[in-house]
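S.K.: Curious how this folds, go ahead:
(2 chains, ligands or ions: 1)
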Amino acid sequence: MTPETLEGTPVELDAEGFFLRPEQWTRDMADAIARENGIAELTDRHWTVIDFMRTTYLDTGSAPSIRSLGKLSGVPIKELYGLFPKGPAKLAAKIAGIPKPRGCI
Amino acid sequence: MSRRIVILGGGTGGTLAANRLRRVCGADVEIIVVDRDDRHVYQPGLLFVPFGLAEPEEIVRSRRAQLHDGVDFRLAEVEHVDAPASTVHLAGGETIAYDVLVVASGAALLPEETEGLGGAGWGQEVFTFFELESATALAAALAELDRGRLVVNPVDMPIKCPVAPLEFCFLADWYLRERGVRDAVQITYVTSLDAAFTKPVASAHLAGLLAAKGIALETEFATGQVDGAQGRLVSYDDREVPFDLLVSIPLHGGPAHVGRSPGLGDELGFVATDPHTLQARVAPNVFALGDATNLPTSKAGSVTHFEGDTLVANIAHHLAGEPLEPSFDGHSNCFIETGFHKALLIDFNYDVEPLPGRFPEPHLGPLALLKESRMNHMAKLAFQWMYWHVLLPGRDLPGISPQLQLAGKDLSQLPTLQGGPR
Ligand SMILES: Cc1cc2nc3c(=O)[nH]c(=O)nc-3n(C[C@H](O)[C@H](O)[C@H](O)COP(=O)(O)OP(=O)(O)OC[C@H]3O[C@@H](n4cnc5c(N)ncnc54)[C@H](O)[C@@H]3O)c2cc1C
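M.R.: As a prediction, the model looks like this:
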């Protein structure tokens, strides 16, 4: 665990930078995390995905996979890769302030 | 009054559940198994078909013949389930009413969800060994492969038997070496995961084996397109992997009828199921087991078998108006064929990942966990007999508990026991 400060508030992150306590996250922090991960500005399309990730996690206790995102978030998989380069599910989870998605078997 | 249990699917789970229920339930319970065909394929045998180690006809038997007396078999396509009305609708318009429903309809292969897969090159340069026809055609293509690039690509998880594509790589290495052409063929394993397998300790072992056998590993590759004409895989983030022969494991989804049944499935069409009782979320008189469920454990015959215990006990409880037992722990047990007459064995559950040790007798074995041995290979081969004669009839495997046992495992390799073992 790495204790860190985001936007002036202390937060608990895991070794890879995922939130351990989603309640510590604020929308302002999302911009900072996005910039750190090479996304200059969060657009409405980014926010569609981020909000969807966060709501799903808070409702169900687990983050959606890329396939689920593609089916349910309204953003097709190809576009997800454009918005969140490399691993959209992981990067969106990081920005949405939720724990690292557990890979399915 | 007589009560009726309807089981959808006469594969591994449907057959063993029907036979166990027949033993446990009294004569006033009617049991009906519905399947669309009468060809029961021993799916673990599909791995061997491309290498000429199993003949297609050896691994297929009649479904009906595996069901005990007193179980009715209905040859029909399931259209959908109306859970509020407790009825199953069959193609053609007929309906069957049930008191208890068991969904054991397996997973469906969805090549059509990946651009290009099933199109150009299918059956020429592109195959899958996850169904019999393509596995048979692949045998002919492999026999002719004497140089170039062989690529093995599970498009994304979940898939049946998540280790099967790795086993395919190991066997291909052995097979090409036997044929004296291994040096001229490059083998690459391309996965959407960030490692060779989903669980860290086993991943490290498997990555080591890949490296030792000279098999390249390409990770975090999300296949967006299979371009059979040009012989290349293209990822969503525009990376490319060229191939001369592609062995693809298509996306899996739940059985199509689940998607057509309101409230029964999740977004991928798998039955939303309680992970410990196996009751479906949709209604108290609906249960599910095997590949058709959305449970976070392997889609494997061994898992389906262990689930059988909990399922049958809980159906009996449900019929008696008693509370259900949350006894299923996600237990999974898979042999991993590694070529050269050796295999590895992994044993894990929802909470404890595969660890080194001995199995099934703590410290004695005779099987070794996460370690290659000839004994493991012999056990894997013997399993085919066990499948038809012990597992499908619904008997217990001697010495093997439905719940994971920690005794005999090297727990020091475990960074943290996530969630705590039972
Ligand atoms: C290549 C390969 C290797 C494997 N190796 C292993 C291994 O080594 N060890 C292991 O434990 N597991 C292995 N497995 C996995 C194992 O075979 C499956 O997990 C197991 O068969 C699951 O059983 P099931 O009853 O859920 O589904 P299945 O056995 O697939 O049965 C589902 C049944 O439902 C029927 N059905 C589906 N939809 C309908 C419908 N609409 N109407 C009527 N009928 C329908 C189908 O016809 C089928 O008979 C392997 C699988 C593959 C593909």
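S.K.: any chance you could map the helices in the stretch 1-150 of chain B?
M.R.: Under the criterion DSSP state H, counting those that start in this stretch, the stretch 1-150 of chain B carries helices at the ranges B:12-24, B:132-144.
S.K.: can you list contacts of the first one?
M.R.: Defining contact as C-beta atoms under 8 Å, 6 or more residues apart in numbering or on different chains, one finds that helix B:12-24 is touched by B:5, B:7-8, B:10, B:29, B:31, B:33, B:35, B:40, B:43, B:63, B:66-71, B:102, B:104-106, B:289-292, B:301, B:304-305, B:307-308, B:311-312, B:315-316, B:391-394. Just so you know, the C-beta spots here come from the backbone N, C-alpha and C atoms, and that holds for glycine as well.
S.K.: Please apply the same query to the last one.
M.R.: The set of residues that contact helix B:132-144 without belonging to it, under C-beta under 8 Å, 6+ apart, is B:41, B:46, B:49-52, B:56, B:59-60, B:123-125, B:127-129, B:172, B:175, B:245, B:247.
S.K.: For chain A, list the residues in contact with chain B, please.
M.R.: Neighbours of chain B within chain A, by C-beta under 8 Å from any C-beta of the partner chain: A:65-68, A:71-72, A:77-78, A:80-81, A:85-87, A:102-105.
S.K.: Mind checking which of those residues are in helices?
M.R.: Those of the residues of chain A next to chain B mapping onto helices are A:66, A:67, A:68, A:71, A:72, A:77, A:78, A:80, A:81, per DSSP state H.
S.K.: Let's see which of the contacts of helix B:132-144 end up in strands.
M.R.: B:41, B:60, B:127, B:245, B:247 (DSSP state E).
S.K.: Emit the PyMOL select command for whichever of those residues are buried.
M.R.: Command for PyMOL that selects the buried part of these, burial taken from 16 or more other C-beta atoms under 10 Å in any protein chain shown:
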select buried, chain B and resi 41+127+245+247
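S.K.: now, which of the ones in strands among the contacts of helix B:132-144 sits nearest residue A:17?
M.R.: Within the ones in strands among the contacts of helix B:132-144, the smallest distance to residue A:17 is 35.6 Å, found for residue B:247 (C-beta to C-beta).
S.K.: for that closest one, what are its contacts?
M.R.: Counting by C-beta under 8 Å, 6+ apart, residue B:247 makes contact with B:50, B:127, B:128, B:129, B:138, B:150, B:151, B:152, B:153, B:165, B:168.
S.K.: just residue B:176 next, same as before
M.R.: B:145, B:150, B:182, B:185, B:187.
S.K.: hmm, which of the residues you listed are the buried ones?
M.R.: For the contacts of residue B:176, buried by 16+ other C-beta under 10 Å: B:145, B:150, B:182, B:185, B:187.
S.K.: I figured the fourth one hits residue B:146, correct?
M.R.: Yes. With contact defined as C-beta atoms under 8 Å, residue B:185 counts as touching residue B:146 (7.4 Å).
S.K.: Touching both of the two, which residues are there?
M.R.: Counting by C-beta under 8 Å, 6+ apart, nothing touches both residue B:185 and residue B:146.
S.K.: near the ligand too, which of the contacts of helix B:132-144?
M.R.: For the ligand, the contacts drawn from these by C-beta under 6 Å from any ligand atom are B:46, B:129.
S.K.: For ChimeraX, write the selection for the buried entries among the contacts of helix B:132-144.
M.R.: Applying 16+ other C-beta under 10 Å to those leaves a buried subset, and the ChimeraX line that selects it is:
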select /B:41,46,49,50,51,59,125,127,128,129,172,175,245,247
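S.K.: which residues touch stretch B:121-131?
M.R.: With C-beta under 8 Å, 6+ apart, stretch B:121-131 has contacts from B:46-47, B:49-50, B:109, B:111, B:117, B:134-135, B:137-138, B:141, B:159-160, B:164, B:168, B:226, B:228-229, B:231, B:243-250.
S.K.: Could you look up the SS state of residue A:57?
M.R.: Following DSSP: H, G, I helix; E, B strand; the rest coil, we place residue A:57 in the helix state.
S.K.: And for residue A:21, the neighbour number?
M.R.: By other C-beta atoms under 10 Å in any protein chain shown, 12 other residues sit near residue A:21.
S.K.: distance of the spatially most central residue of chain A from the ligand?
M.R.: For chain A, the residue nearest the mean C-alpha position is residue A:93 (2.3 Å; C-alpha atoms, centre = their mean). Separation of residue A:93 from the ligand (C-beta to the nearest ligand atom, to the nearest Å) stands at 29 Å.
S.K.: sorry, back to before: inside strands: which ones of the contacts of residue B:176?
M.R.: Counting by DSSP E, those place B:150, B:185, B:187 in strands.
S.K.: Below-threshold pLDDT in chain A: ranges please.
M.R.: Applying pLDDT under 70 to chain A flags the ranges A:1-3, A:103-105.
S.K.: Show me which pair in the ones in helices among the residues of chain A next to chain B is furthest apart.
M.R.: For those, the farthest-apart pair by C-beta to C-beta is A:72 and A:81; their separation is 16.7 Å.
S.K.: residues from the stretch 201-350 of chain B in reach of chain A?
M.R.: Contact residues (C-beta under 8 Å from any C-beta) of the stretch 201-350 of chain B with chain A: B:220, B:222, B:224, B:236, B:237, B:251, B:267, B:268, B:296, B:297, B:298, B:299.
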